[in-house]
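>>> prediction below, plus the sequence it came from.
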Amino acid sequence: MSDVSLHGETPGHGLAADLLVSLRPDQWTKNLIVFAGLVFGGQLLEPSAVARAGGTFGIFCALSSAMYLVNDVGDRARDRRHPVKATRPIAAGRVSPAVALGTAGLLIAGGAALAFLLAPRLALLALVFVGLLILYSRVLKQVVILDVLVIAIGFVLRAVAGAVVLDVPISQWLLVCTLLLALFLALTKRRQEIGVLGAEAMQHRPALGHYSPQILDQLVTIVAAATLVSYAVYTTGAETLEKFGTDLLTLTIPFPIYGVLRYLMLVHDQTDGISPSDILLRDRPLAICVAGWALSVAVIIYRPFAS
């Protein structure tokens, strides 16, 4: 059994294990969006492009882990009152703020340096990403609506970075899809937090005091619909048809429809405090849906069986 759990607990096998948990490697899947430029830019079969995209993925894993450390240090007092977050190593006192912030500094410096080596514009995006998340950690996560919007913008920056490092264009509609999907995930997380924490929600995250289950359900419904519509527009758009020379991407539309509906059902069924993002790792039908979508897109774009 792994020493690292999805909730951030560890059996206590020393500082290294606790620090690894604090880096949240289970959240690195969020950085897979950097590969969108590789796949939709037609570079998937180019080894050098794959290597550059992989390096960009590593950079954003390092930067996002650094931001988790910074956030956990700032929230450690509040996290100690949370039913799940209280077990996190920093909140529990097993990793000191000095060690956490020192590690974060090294990750940011290393990530920025590697980004500059790959592409100077990538380094600029990396620094904007870090600055945005620091601002989120210190101020914006307490501002209703902006808290989830900033999270969504962070995903867009990752997608843009994946295109910049390869110097390939990326569809504006694809960026809109990324923004809306990330916003959908962020809103469902807020909905789940209110459901689990109840009347104590505002004590753990002040912005939650401005949300209600009813308004969040409405926002989630609106954003979910907009996400699916934007993806449909992307797959049927003239730009997409011209770029890939086929209209078969429209056949992939059922995958996001099923995925969004399945995810909504699972989030509303959760009462044990599991993070909605962890659902992606635990639910087999949803994982199969994501894998099926990715495989379908790759086959349609690259046509490995074409004569």
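Ah, there it is. Numbers count the residues shown, from 1 in each chain.
>>> neighbours of residue 284, how many?
Residue 284 is flanked by 7 other residues according to other C-beta atoms under 10 Å. Backbone N, C-alpha and C define where each C-beta goes, glycine included.
>>> now do the strands in the stretch 151-300 of the chain.
Shown for the stretch 151-300 of the chain, no strands are assigned by DSSP state E, counting those that start in this stretch.
>>> any weak-confidence spans in it?
196-207, 270-277 (pLDDT under 70).
>>> at 80 instead, please
192-210, 268-281 (pLDDT under 80).
>>> any chance you could map the helices in it?
Here the stretch 151-300 of the chain has its helices, by DSSP state H, counting those that start in this stretch, at 172-197, 201-204, 213-236, 238-244, 254-269, 276-282, 284-302.
>>> so what's residue 97 up against?
73, 76, 90 (C-beta atoms under 8 Å, 6 or more residues apart in numbering).
>>> ok, now how distant is it from residue 71?
12 Å (C-beta to C-beta, to the nearest Å).
>>> what do you get for residue 304?
Taken as C-beta to C-beta, the span from residue 304 to residue 71 is 42 Å.
>>> ok, these two, which is more surrounded?
When neighbours are counted by other C-beta under 10 Å, residue 304 and residue 71 differ, and residue 71 comes out ahead with 21 against 8.
>>> so the closest residue to that one other than its chain neighbours is in which element?
Once flanking residues are discounted, residue 71 sits nearest to residue 137: 4.6 Å by C-beta to C-beta, 6 or more residues apart in numbering. For residue 137, the element it lies in under DSSP states H and E is helix 120-138.
>>> contact partners of that helix?
Contacts for helix 120-138 (C-beta under 8 Å, 6+ apart): 56, 59-60, 63-64, 66-67, 70-71, 74, 108, 111-112, 115-116, 147, 150-151, 153-154, 157-158, 160-161, 164-165.
>>> repeat that for 6 Å
With C-beta atoms under 6 Å, 6 or more residues apart in numbering as the test, helix 120-138 has contacts from 63, 67, 70-71, 74, 108, 111-112, 115-116, 150, 157, 161, 164-165.
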